[in-house]
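Asker: sequence unknown, structure follows:
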Ligand code: COA
């Protein structure tokens, strides 16, 4: 059996992070992804945050595996001709230009649909239709506009953005699902369609539980699992909940042995109701099993700070992995705070291909995150990102261009 998306051809007009995340996933599933880059420059991230002079950055390499790269000046008349040939050749065009850029290039949806009615045109934009639709957007703008920042952080501090790139990579994931769905529908209808994933919408989707909480707050004026309860007043909007669990089982981050010098010596501890008895036994508070102030989940809600502080007395006596081992023995849900260094070195993530070492002709070996989605009959081999324009001639030949025509395009700096 080949790859799941074998035979699907993607015209990849993406840059930076959101769009490339999407097309990298499609490439991992077997699609032929042809990344079109500005002649002479390429994706801006090739040069951003470089750790080795003159070599494609990790920012670029880690988002563009398994793709082919061609350079093309799509604003020149000859470049547009090549682009028309690419649109005829491919199944999907993916782009995350600033609003209107594709139209300004002369490739509106109507024009593309005329050239190839089967083509799916998929876009990431910062915002959907509305007051901000013409705005350029980067990751943290989306986190702020999508509800993540206002609900992240501690009550007495400012809004916070998170390290998880939910605006960029999160939207790329949404777009990838939209694309395969549109491809699936095309099997039945034979028609292409547009797919839009707006970054604000994707972040809000990922913050769905906070919109849930807004409505709970509107109705009841209080949320008992939030750290503001029972000592502080709630305002009109969902407050920042610190490290409180987003679900119905209260949780918090607790210090472990060594926290004074190791910034990641912490564990996430969940006081899941079905294992309350076991938690009490582990921490040596057996009386809490029957004490009416602690015996039921509802009774515990006003005492969560006391409870977590008592559990922390126990976790501070163990390192985070010891605590994990003990707690797992009792089926108590918990998780160590793992640093990037620990994740990079974790053997089980290497074994599953979630962390992969890749060899690059210019930079040598580096680590990347492999495909987090595992298909049992279509495993992912992570291949290095392409050099700028590495496949220009190969792709143009596939489109039917002769050696002389390619040389002429090169001569006139179209490729
Ligand atoms: N040949 C010639 N011109 C090309 C080209 C090519 N191969 N590829 C791109 N260009 C042109 C575009 O047509 C555009 O020209 P125009 O402004 O004259 O119409 C220009 O390059 C720049 O594109 P743009 O998307 O505006 O880049 P930017 O660097 O100014 O903005 C973003 C970057 C990310 C802010 C913007 O693209 C954006 O808002 N994208 C949508 C949201 C998004 O994905 N954000 C997250 C990024 S991780």
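Answerer: Yes, it's here. Because the structure is predicted, anything quoted here is derived from the model rather than measured.

Asker: residue nearest the centroid of the protein?
Answerer: Centroid check for the chain by Cα atoms, centre = their mean gives residue 169 as the closest residue, at 2.9 Å.

Asker: Might one say that it is in contact with residue 17?
Answerer: Yes - Residue 169 lies in contact with residue 17 (Cβ atoms under 8 Å); the separation is 6.4 Å. C-beta coordinates here come from the backbone N, C-alpha and C atoms, glycine included.

Asker: follow-up on the earlier one: what's the residue nearest to the centre of the chain sitting at in phi/psi?
Answerer: Taking degrees, to the nearest 10, you get phi -60, psi -40 for the backbone angles of residue 169.

Asker: How about the contacts made by it?
Answerer: Counting by Cβ atoms under 8 Å, 6 or more residues apart in numbering, residue 169 touches 17-18, 21.

Asker: Same question for residue 205.
Answerer: Counting by Cβ under 8 Å, 6+ apart, residue 205 touches residue 174.

Asker: From residue 254, how far out is it?
Answerer: Distance, residue 205 to residue 254, using Cβ to Cβ, to the nearest Å: 30 Å.

Asker: do residue 228 as well
Answerer: 19 Å.

Asker: okay, those two: which has more neighbours?
Answerer: residue 254 (23 against 18; other Cβ atoms under 10 Å).

Asker: so the more buried one sits in a strand?
Answerer: Yes - assigned with DSSP: H, G, I helix; E, B strand; the rest coil, residue 254 falls within a strand.

Asker: Please verify my assumption that it contacts residue 266.
Answerer: Yes - contact status for residue 254 versus residue 266: in contact at 6.4 Å, counting by Cβ under 8 Å.

Asker: follow-up on the earlier one: from the contacts of residue 169, which land in helices?
Answerer: 18, 21 (DSSP state H).

Asker: can you narrow the contacts of residue 169 to ones near the ligand?
Answerer: Near the ligand, taking Cβ under 6 Å from any ligand atom as the test, the members of those found are 17-18.

Asker: Tell me the one of the contacts of residue 169 nearest residue 10?
Answerer: Closest approach between the contacts of residue 169 and residue 10, by Cβ to Cβ: residue 21, at 13.3 Å.

Asker: What is the burial count for the closest one?
Answerer: Counted with other Cβ under 10 Å, the neighbours of residue 21 add up to 24.

Asker: Kindly indicate whether the closest residue to it other than its chain neighbours is helix, strand or coil.
Answerer: The shortest distance from residue 21 to any non-neighbouring residue, by Cβ to Cβ, 6 or more residues apart in numbering, is to residue 172 (3.0 Å). Classification of residue 172 using three-state DSSP returns helix.

Asker: now residue 172: how far from residue 270?
Answerer: Residue 172 is 30 Å from residue 270, by Cβ to Cβ.

Asker: higher neighbour count, those two?
Answerer: Using other Cβ under 10 Å, the more surrounded residue of residue 172 and residue 270 is residue 172, with 27 against 18.

Asker: what bridges to residue 335?
Answerer: Bridge pairing for residue 335 (DSSP bridges) gives the partners residue 268.

Asker: Could I get the full set of strands for the stretch 1-150 of the chain?
Answerer: Under the criterion DSSP state E, counting those that start in this stretch, strands of the stretch 1-150 of the chain are mapped to 9-13, 32-37, 67-71, 92-95, 120-125.

Asker: now these as TSV including mean neighbour count, mean pLDDT and distance to the ligand?
Answerer: TSV is the format used below for the strands of the stretch 1-150 of the chain (neighbours: other Cβ atoms under 10 Å; pLDDT from 0 to 100; distance: least, Cβ to the nearest ligand atom, whole Å):
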stretch	mean neighbour count	mean pLDDT	distance to the ligand
strand 9-13	25	98	7
strand 32-37	26	98	5
strand 67-71	23	98	7
strand 92-95	25	98	8
strand 120-125	26	98	4
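
Asker: I'd assumed residue 15 was in contact with the residue nearest to residue 21.
Answerer: No - counting by Cβ under 8 Å, residue 172 stays clear of residue 15, with 11.9 Å between them.

Asker: which parts of the protein sit against the ligand?
Answerer: Counting by Cβ under 6 Å from any ligand atom, the chain sits next to the ligand at 16-19, 36-38, 72-75, 96-98, 101, 104-105, 124-126, 136-138, 168.

Asker: Residue 168 contacts residue 202, doesn't it?
Answerer: No - counting by Cβ under 8 Å, residue 168 does not reach residue 202; the two are 9.3 Å apart.

Asker: neighbour-wise, which of the two wins?
Answerer: More crowded of residue 168 and residue 202, by other Cβ under 10 Å: residue 168, with 27 against 24.

Asker: Which pLDDT value belongs to the more buried one?
Answerer: With respect to pLDDT, residue 168 scores 98.

Asker: residue contacts, it?
Answerer: 16-18, 21, 138-139, 142, 199.

Asker: residue ranges of the strands in the stretch 301-415 of the chain, please?
Answerer: Applying DSSP E, counting those that start in this stretch to the stretch 301-415 of the chain gives strands spanning 334-336, 355-360, 364-369.

Asker: And the second one, what's buried?
Answerer: Neighbour-count burial for strand 355-360 flags 355-356, 358, 360 (criterion: 16 or more other Cβ atoms under 10 Å).

Asker: what's the answer for the shortest one, then?
Answerer: Judged by neighbour count (16+ other Cβ under 10 Å), strand 334-336 contains these buried residues: 334, 336.

Asker: where exactly do the helices run in the stretch 101-250 of the chain?
Answerer: According to DSSP state H, counting those that start in this stretch, the stretch 101-250 of the chain carries its helices in the segments 101-104, 109-115, 139-145, 169-189, 199-206, 208-220.

Asker: Distance of residue 177 relative to residue 148?
Answerer: According to Cβ to Cβ, residue 177 and residue 148 sit 20 Å apart.

Asker: Show me which of these two is the more surrounded one.
Answerer: A count of neighbours by other Cβ under 10 Å puts residue 148 above the other of residue 177 and residue 148, at 24 against 13.

Asker: Can you give me the distance of the more buried one to residue 86?
Answerer: Residue 148 sits 36 Å away from residue 86, going by Cβ to Cβ.

Asker: okay, now the nearest residue to residue 330 once chain neighbours are set aside: neighbour count?
Answerer: Once flanking residues are discounted, residue 330 sits nearest to residue 278: 4.1 Å by Cβ to Cβ, 6+ apart. Using other Cβ under 10 Å, residue 278 has 16 neighbouring residues.
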